[in-house]
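J.: With the input below, show me the fold.
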Amino acid sequence: ALIFPDWGSFIRMMMASPTLMMKALRSSNNVSIFARLFILLIPSFCVCSTASHRSRLSSKTFAFFGPAELPRQVAQKVHPSVARVSPVGVRNITTQGSGFVVEFGANDKENVYVLTSAHVASPGKQIQVSFPCRARGNDQQKSSRSNETTNKYYRAALVGRDLDADLALICISLTNGASDDCLLPPPLPLSNTDRIADIGQLAFANGYPATLDGIAMTSGIVCGTAKGLGWGSSMQNRASSSDNTNQTSPSSCSFVVTDAAMTRGMSGGPLVDSNGEVIGVNALIRPDLGALGNYAVAAMECRKFLSSLRMQAIQQEQDENYQVVIFNDPMNTRARVAQVLSDIANLDAKEAEESMLKAHRNGWGVVRVFPRRVDAEKLCEAIQNEDILAEVQPFGIML
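T.: Sure thing, here's the model as predicted:
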């Protein structure tokens, strides 16, 4: 009692430094032989107790790290809704990123919407999305792994893109039988707090690393927040592929900074909290910050982006048109692009030159506008077959 004020201090001292403890006890004349015997027996008691109760300890809540089963529970809740996003280039260059299902239209039963990074759904590429296929009729109480039979691939269309926030929304149409044989996953909830994130809260980064066969998850905490990147415009280290053409630096975007590891291919995947709510979208890696260099676009930026697209969707219902857009491409000369537009899009020389110059100066230019998407897609495919970056966009969307 003269050495330790309470049993908690005694146990902590013993477990931290047994050698120091024994020296302190030997130097004290107030410690009986029974106290010394008890101290010698504590390590054996702890070992036996740990061995006999290990199974029960695995399910209890630890003071700092939370329940031992928490990472597994988060993975089982989140992973069915995480997608592999593969932009396919006109030159057979395929890159890989990630995305996740979000709720976009409350009454839209014809499409599944996937939020990803703008540099993953890069301009001028066809977008392919895949989910682990869970066959209809399987017991939904089983784990997601037991329901995964194979990867199901879907063609996705662009809904909107914001290069400054590095966000893009794509959709899978269910009208072509996309969900006939597989259960498409539910949307993940976005954190609705006004704060970017709470420093110290648990964070789990999810996505499809380019070097692994399937989905992966890493864990850490929210280390901080950032407004903009705080460094030049170099974006070579985005957590996706190295194909980052036509990208701008999100200088005013709000980021969540975490030590949950990210790697190429995980960009566009969700950064979630312990409840499975999305607090950010994996965006890029800053090697100069070491373990703190993992950035995710904050959920508040995602909500702003989706809200803007919903407003545009309301306007498009009144004037539903689709535009074929070409992008600046150093692989083609200006003369060749103008000639292709004249031959394929049936533009006169002046119109073809004007469209080409807009793409050259602004990064993109509209070729033609159609009232039906199917007609726009036919022209887009014909232009892509001529080795030119092109895509179909709802008229007037954010680029």
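
J.: Would you give the sheet partners of the helix or strand residue 127 falls within, along with the direction of each?
T.: Secondary-structure assignment from DSSP states H and E places residue 127 in strand 126-134. Strand 126-134 has these partner strands in its sheet, going by DSSP bridges: strand 82-88 (antiparallel), strand 148-162 (antiparallel).

J.: quick one: contacts for the spatially closest residue to residue 189 that is not a sequence neighbour?
T.: The shortest distance from residue 189 to any non-neighbouring residue, by C-beta to C-beta, 6 or more residues apart in numbering, is to residue 277 (5.1 Å). Where you see a C-beta, it was placed from the backbone N, CA and C, and this is true even at glycine. By C-beta atoms under 8 Å, 6 or more residues apart in numbering, the contact list for residue 277 reads 188-191, 299.

J.: Which secondary structure element is home to residue 379?
T.: When elements are assigned from DSSP H and E, residue 379 belongs to helix 373-384.

J.: hmm, who's touching that helix?
T.: Looking at helix 373-384 with C-beta under 8 Å, 6+ apart, the contacting residues turn out to be 90, 124, 126, 157, 322-324, 326, 340-341, 344-345, 367-370, 390-392.

J.: just checking, which of those residues belong to helices?
T.: Restricting those to those inside helices, with DSSP state H as the criterion, leaves 340-341, 344.

J.: which of the residues you listed has the most neighbours?
T.: residue 341 (29 neighbours; other C-beta atoms under 10 Å).

J.: so what's that residue up against?
T.: Counted by C-beta under 8 Å, 6+ apart, residue 341 has contacts 326, 347, 351-352, 355-356, 367, 383.

J.: how about 10 Å then?
T.: 324, 326, 347-349, 351-356, 359, 365, 367-368, 383, 386, 388, 390 (C-beta atoms under 10 Å, 6 or more residues apart in numbering).

J.: Which among those residues count as buried?
T.: With neighbours counted by 16 or more other C-beta atoms under 10 Å, those contain buried members at 324, 326, 347, 351-356, 359, 365, 367-368, 383, 386, 388, 390.

J.: In strands only, show me those.
T.: When DSSP state E is applied, the buried ones among the contacts of residue 341 are split such that 324, 326, 365, 367-368, 390 fall in strands.

J.: tell me which element residue 74 is part of?
T.: helix 70-78.

J.: Tell me where the protein has helices.
T.: 7-16, 18-26, 33-52, 54-57, 70-78, 144-147, 299-318, 334-344, 349-362, 373-384.

J.: quick check: mean pLDDT across the first one?
T.: The average pLDDT for helix 7-16 rounds to 55.

J.: can you check the third one too?
T.: Summarised as a single mean, pLDDT over helix 33-52 is 46.

J.: again, but for the fifth one
T.: For helix 70-78, mean pLDDT is 93.

J.: List the contacts of residue 347.
T.: Under the criterion of C-beta under 10 Å, 6+ apart, the neighbours of residue 347 are 338, 340-341, 353-356, 367-368.

J.: what would these look like in TSV with pLDDT and distance to residue 219?
T.: Conversion of the contacts of residue 347 to TSV gives the following (pLDDT from 0 to 100; distance: C-beta to C-beta, whole Å):
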residue	pLDDT	distance to residue 219
338	91	52
340	91	49
341	92	50
353	91	54
354	91	52
355	91	48
356	90	49
367	92	46
368	91	49
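
J.: quick check, nearest of these to residue 69?
T.: Relative to residue 69, the closest of the contacts of residue 347 is residue 367; by C-beta to C-beta it sits at 54.0 Å.

J.: which residue packs closest to the closest one, ignoring adjacent ones?
T.: Of all residues not flanking residue 367 in the chain, residue 324 sits nearest, at 4.5 Å (C-beta to C-beta, 6+ apart).

J.: Hmm, the one you found is touching residue 359, no?
T.: No. No contact is recorded between residue 324 and residue 359 when judged using C-beta atoms under 10 Å, the distance being 11.7 Å.

J.: Common neighbours of these two, please.
T.: Overlap between the contact sets of residue 324 and residue 359, as judged by C-beta under 10 Å, 6+ apart, is given by 341, 366-367, 390.

J.: Flag the shaky bits of the chain, pLDDT-wise.
T.: For the chain, residues meeting the criterion pLDDT under 70 lie at 1-68, 89-94, 133-150, 176-182, 230-251, 315-319, 395-399.

J.: mind checking the backbone torsions on residue 262?
T.: The main-chain torsion angles of residue 262 are listed as degrees, to the nearest 10 and equal phi -130, psi 160.

J.: returning to what we had before: please produce a markdown table containing the shared contacts of residue 324 and residue 359, extended by distance to residue 81.
T.: Conversion of the shared contacts of residue 324 and residue 359 to a markdown table gives the following (distance: C-beta to C-beta, whole Å):
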| residue | distance to residue 81 |
| --- | --- |
| 341 | 40 |
| 366 | 34 |
| 367 | 35 |
| 390 | 30 |
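
J.: and of the residues you listed, the nearest to residue 109?
T.: Of all the shared contacts of residue 324 and residue 359, residue 390 has the smallest distance to residue 109: 30.2 Å, by C-beta to C-beta.

J.: Quick check, residue 322 in contact with residue 369.
T.: Yes. Checked against C-beta under 10 Å, the pair residue 322 and residue 369 is within contact range at 7.0 Å.

J.: Look at those two and report which has more neighbours.
T.: More neighbours surround residue 322 than the other of residue 322 and residue 369, with 24 against 12 (other C-beta under 10 Å).
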